[in-house]
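1. build me a structure from this.
(2 chains)
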Amino acid sequence: MLWAGPEIMRYRRALLPTVKEAPSDATTASHSLLLRAGYVRRVGAGIYSFLPLGLRVLKKIERIVVEEMDRSGAEQVLLPALLPAEYFKESGRWEVFGPELFRLKDRKDADYHLGPTHEEIITDLARREIRSYRDLPKNLYQVQTKFRDEPRPRAGLLRCREFLMKDAYSFDADAAGAEASYRAMRDAYTRIFDRTGLTYRRVAADAGSMGGSKNEEFQVLVQSGEDIIVACEKCEYAANLEVAVSRVTPPPAAAGSVPAAAPVETPNQKSIEEVSAFLKVQPSQLLKSLVYRAGKRVVLAVMRGDHELNEDKLGRALGVKELELADAATVKELTAAPVGFAGPVGFQGEIFVDTAASQVPDAVCGANAADRHLQHVVYGRDYSGKVLDLRSVVDGDACVECGSQLKRYRGIEAGHIFVLGTHYSQKMGATYLDQEQKKQTLVMGCYGIGVSRLVAAAIEQHHDDFGIAWPISIAPYQVHLVQLGDGERVERAVREIEAGLEAKGLELLVDDREERPGVKFKDADLIGIPLRVTVGDRGLDKGQVELKRRTVKESRNVELAGAVEAIWSEVEQLRSEDQRASAHSKGQK
RNA sequence: CGGGGCGUAGCGCAGUUUGGUAGCGCGCACGGUUCGGGUCCGUGAGGUCGGCAGUUCAAAUCUGCCCGCCCCGACCA
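-> Residues are numbered from 1 along each chain as shown, chains lettered A, B, ... in the order given. Purely as a prediction, here's the structure:
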C-alpha cells in the first residue's frame, strides 16, 4: 500500500509522539487517544493535522471506500474546494447556509466560499456535460476536504470544521433509475462498512435539509454516540429515533358505551403519576397534553399518558425546525389553568393528536381548569384534531414489520444516502434529451461518508483503558514488532522477521528505540496495532518469539523459524474474524 | 447564538481570594544506574504568566476591552 507510506516503519525514525497524560480539553475517548497515541494534533477549533500514523488510518479507510465505489461503477473526480459564490447563489444556498459557510473575497472583492458539500458544482458539471439519455446513468464521486463553520466543533475528529468526506452524486433519467442507483450505493456502502470491521446499522432517517425523499443513514454503534437509533432484534427494521415507529396496542375498550365526559376534582394532581394514582386508572388511559410553541404558533400535542412525545416528529408535522415547550405563562393564558391541567376538550387552537392517544377508548385528560380533570373522554366525540404519529419509540416496543422487540442503541452517523429527486437539477436546469427529443430533468441522488469521522468512530468502538484496538482492516500497521535489546542475536531475528513479513506484503511498525520494555509495551497498547510480536533474549534463549493480540490478555510463543508463517496466519485469522463480526452485527444485506 | 468554564514551560497543573517579579510533576538534554509492563539518582535547558490598555512605587494576581479554547443545548459526514 504505497500511497500510505512505507510497509516497514522504524520507530526511531518515525514522528510518533505518544504522551502519557491526556490533554485536558479532550473529553471523548477517540479525541483523547488520537492525541495521546500521536495520530493527530490540533491546529485550531475543529481543525486537525494528521500525523503519519493518523494519515495511514485515513488512507486505509479512504482506500476501502474508493475500491468499493469503483466496484459499484461510480467514477472518481475531484471538484475544487474553493468556489465562486455564483453556484450557491443560483441554488439559493448562499443564503440558506448562513454562517456555516466559510466565505471569502478575492482581490477583486468578488464573493467566494469553501465547499461544504458539492451538489451545485456537480449539477453544473452535469448540465454542461450530460445531454442525452445515452449519457445516463452516471455516478460521480470524490474524496475531498470539506469546510463547514460548525456552530460548535467538538470531540476531536467527530465534528470538525475541516474534514475529509467522500461524496457521490448520481444522475438518472427517471425515478426508477434513481432508485436503482440508490440501491447500488446502498450495496456499496454495506460492503464498505463491512470491510471497516465496525459494528454498524443501516437505519431509516430524516432527510433534513437535503430536501430529498428516501434516505438512510449508516450508524456506527457506540455508547457515546450522539444519535439514538431503534432496531429490531429479529428482522431488518432499523430507524433513527427521529423517524422510528412501532406497533402500539390500544388499551381494551370496556363493554358498553362510554358515558358522557364528566369533570372530576383532582386537587393539586398534575403529573401523570399523580393523576393516575389519585383516580386509580392506568397511565395508558390518561391523555398528556403538551403546549408547544414554534415561533408565533402555539399548538397542543396530545399523547397517551405512558408515552413520550418525539419533538422531531412534531416539528416535521408543523414544518418547523425549532420548537419548544411553552412557558407557564403561555399555558395559563391558553388553558386558563396552571401547567398540569391542559386538555384537548374545548381547547381553542390547533391540536395534534398522537395515533395511540386517539385510540384510548375511555380517557382521562386535563379539563383546562385548575385542579380538575375530565373522565370518559373519547376522541372524535369530545375533541378532535389532526391524528398522526408523534411518539418516541422505547425499548421493548413491538416492531412494525415483525412484532418482535425493538431496542434502542446509540450511534455515530458515518454515512448518509439520499434520493434527491430533481431538487437541484430543476433549480439549475440540468436536463437531458430523451428518445423522443423531449427535454427531461435529471433525477439525482447523493451519498456521503465521513472519512475522517470514521477514524474517530472506529476508536470510540474499539478501545479499552490502555488505548486503541484497531480492526485490522483499518489499522495503521498490521503488526507491531517490539524489539527488546540490541544484541546481535536480537537484531538478526528482527531482520529475519521483517524480511519475511515484507515479502508477504504485511505492514509493520518496528519499535527499535532504546527504551525499557515497559515503555514499549505501554506505547504498543496505546497505539493499538492488532498484532504484537515481541523479540527479545528471553524468548530467543528458547528459540522463540512472542505473539500477542491487542484484544487478548494472553500471549503465545512460537518458534523463530516458523514465526513469519505464524504471524501471517494470525493476521489472516484477524481479518476473517473482523469481517465476520461486522457482517454479523446488523443482520441486513 | 444562549448557558457554564478555562488560558501560567512541549503536556498536566499549583500560585490569583490577601499585588512584592514564578513553582511542581511528566517530557526534553547530559552523567550514572536499571533492563520483559511507563527504573532510580543527580545536573541542566526551557516561561513576553493569551493580547492590549489602565490602577499602583510594584501586576500572573486588581479594573476594562479584545482574542482564543473547552463543555452543555439547536445543526450535520
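
2. so which bits of the stretch 451-589 of chain A are right by RNA strand B?
-> A:452-453, A:466, A:484-485, A:516-519, A:521-526, A:534-539, A:546, A:548, A:555 (C-beta under 7 Å from any atom of the strand). C-beta here means a position set from N, CA and C on the backbone, and glycine is covered the same way.

3. just the buried residues from the residues you listed, in PyMOL please.
-> The PyMOL selection below is limited to those of these classed as buried (16 or more other C-beta atoms under 10 Å):
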select buried, chain A and resi 452+453+484+485+521+522+523+524+525+526+534+535+536+539+546+548
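
4. taking the residues of the stretch 451-589 of chain A next to RNA strand B one by one, which sit in strands?
-> Applying DSSP state E to these, the entries found in strands are A:534-535, A:546, A:548, A:555.

5. so what's the residue count around the residue of the stretch 51-200 of chain A found nearest RNA strand B?
-> Closest residue of the stretch 51-200 of chain A to RNA strand B, C-beta to the nearest atom of the strand: A:Pro151 (3.2 Å). Counted with other C-beta atoms under 10 Å, residues neighbouring A:Pro151 total 8.

6. need the contact list for it.
-> By C-beta atoms under 8 Å, 6 or more residues apart in numbering, the contact set of A:Pro151 is A:99-100.

7. the same query, at a cut-off of 10 Å, please.
-> Contact analysis of A:Pro151 by C-beta atoms under 10 Å, 6 or more residues apart in numbering lists A:98-100.

8. want to try TSV for those residues, with distance to A:Ser246 and secondary structure as columns?
-> Formatted as TSV, the contacts of A:Pro151 follow (distance: C-beta to C-beta, whole Å; DSSP: H, G, I helix; E, B strand; the rest coil):
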residue	distance to A:Ser246	secondary structure
A:Gly98	36	helix
A:Pro99	38	helix
A:Glu100	34	helix
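
9. restrict these to contacts with RNA strand B.
-> Residues of those in contact with RNA strand B (C-beta under 7 Å from any atom of the strand): A:Glu100.

10. rewinding a little: go through the residues of the stretch 451-589 of chain A next to RNA strand B and flag which are in helices.
-> Within those, residues falling in helices by DSSP state H are A:452-453, A:517-519, A:521-526, A:537-539.

11. ok, so of those residues, who is nearest A:Arg201?
-> A:Arg453 (16.1 Å; C-beta to C-beta).

12. list the buried residues of the helix or strand of chain A with the lowest mean pLDDT.
-> Lowest by mean pLDDT, DSSP states H and E among the helices and strands of chain A is helix A:328-335, with a mean of 72. Residues of helix A:328-335 classed as buried by neighbour count (16+ other C-beta under 10 Å): A:331-332, A:334-335.

13. stretch A:292-307 too?
-> For stretch A:292-307, the neighbour count (16+ other C-beta under 10 Å) marks A:292-294, A:298-307 as buried.

14. if the residue of the stretch 351-500 of chain A found nearest RNA strand B is in a bridge, with which residues?
-> Across the stretch 351-500 of chain A, no residue is closer to RNA strand B than A:Gly450, which sits at 2.7 Å (C-beta to the nearest atom of the strand). With DSSP bridges as the criterion, A:Gly450 is bridged to A:Met165.

15. ok, it to A:Arg154 distance?
-> According to C-beta to C-beta, to the nearest Å, A:Gly450 and A:Arg154 sit 14 Å apart.

16. same thing with A:Glu333?
-> A:Glu333 sits 38 Å away from A:Arg154, going by C-beta to C-beta.

17. cool, A:Gln76 as well?
-> Distance, A:Gln76 to A:Arg154, by C-beta to C-beta: 31 Å.

18. before we move on, the earlier item: contacts with RNA strand B among the buried residues of helix A:328-335, please.
-> Counting by C-beta under 7 Å from any atom of the strand, no member of the buried residues of helix A:328-335 reaches RNA strand B.

19. list just the nearest of the residues you listed to RNA strand B.
-> Comparing those against RNA strand B with C-beta to the nearest atom of the strand places A:Val331 closest, at 20.1 Å.

20. got a list of what the closest one touches?
-> Counting by C-beta under 10 Å, 6+ apart, A:Val331 touches A:289-291, A:293, A:298, A:300, A:325, A:337-342.

21. just the buried residues of the residues you listed.
-> Among the contacts of A:Val331, those scoring as buried are A:289-291, A:293, A:298, A:300, A:337, A:339-342 (criterion: 16+ other C-beta under 10 Å).

22. closest to A:Ile64 out of the contacts of A:Val331?
-> Nearest to A:Ile64 among the contacts of A:Val331, with distances taken as C-beta to C-beta, is A:Leu325, at 44.5 Å.

23. the closest one contacts A:Leu290, correct?
-> Yes - with contacts defined as C-beta atoms under 10 Å, A:Leu325 counts as touching A:Leu290 at a distance of 6.5 Å.

24. determine the residues that are contacts of both of those two.
-> Counting by C-beta under 10 Å, 6+ apart, the shared contacts of A:Leu325 and A:Leu290 are A:301, A:309, A:311, A:331, A:339.

25. where does chain A dip in pLDDT?
-> Scanning chain A for pLDDT under 70 picks out A:1-5, A:208-212, A:255, A:321, A:329, A:583-589.

26. so what's A:Ile567 up against?
-> By C-beta under 10 Å, 6+ apart, the residues touching A:Ile567 are A:478-479, A:481, A:497, A:500-501, A:504, A:506, A:508, A:531, A:533, A:545, A:547, A:558.

27. got it, and A:Glu496?
-> Neighbour list for A:Glu496: A:535, A:545, A:560-561, A:563-564 [criterion: C-beta under 10 Å, 6+ apart].

28. hang on, it is in a helix, isn't it?
-> Yes - under the criterion used here (DSSP: H, G, I helix; E, B strand; the rest coil), A:Glu496 sits inside a helix.

29. what ranges do the strands span in the stretch 51-200 of chain A?
-> Remark: strands assigned in the stretch 51-200 of chain A by DSSP state E, counting those that start in this stretch are A:75-76, A:82-84, A:103-105, A:111-114, A:138-147, A:162-172, A:200-204.

30. ah, wrong one, I meant the stretch 301-450 of chain A
-> Along the stretch 301-450 of chain A, counting by DSSP E, counting those that start in this stretch, strands occupy A:324-325, A:350-354, A:363-366, A:372-377, A:386-388, A:406-421, A:431-433, A:439-441, A:443-450.

31. single out the most deeply packed of these.
-> Stretch with highest mean neighbour count among these: strand A:363-366 (a mean of 28; mean count of other C-beta atoms under 10 Å).

32. output the contacting helices and strands for that strand.
-> The contact analysis (3 or more C-beta pairs under 10 Å, 6 or more residues apart in numbering; DSSP states H and E) places strand A:363-366 against helix A:272-279, strand A:287-294, strand A:297-304, strand A:372-377.

33. distance from the chain centre to it, please.
-> Using C-alpha atoms, centre = their mean, to the nearest Å, the mean C-alpha position of strand A:363-366 is found 39 Å from that of the whole chain.

34. interface residues of the stretch 1-150 of chain A facing RNA strand B?
-> So far as C-beta under 7 Å from any atom of the strand goes, the stretch 1-150 of chain A lies against RNA strand B at A:18-25, A:27-28, A:31, A:42, A:44-46, A:100, A:117, A:148, A:150.

35. farthest pair in the ones in helices among the residues of the stretch 451-589 of chain A next to RNA strand B?
-> Spatially, the most separated pair among those is A:Arg453 and A:Asp537, at 44.0 Å (C-beta to C-beta).

36. start and end of stretch A:203-213, how far apart?
-> End-to-end distance of stretch A:203-213 (C-alpha to C-alpha, to the nearest Å): 14 Å.

37. fine by me, thanks again.
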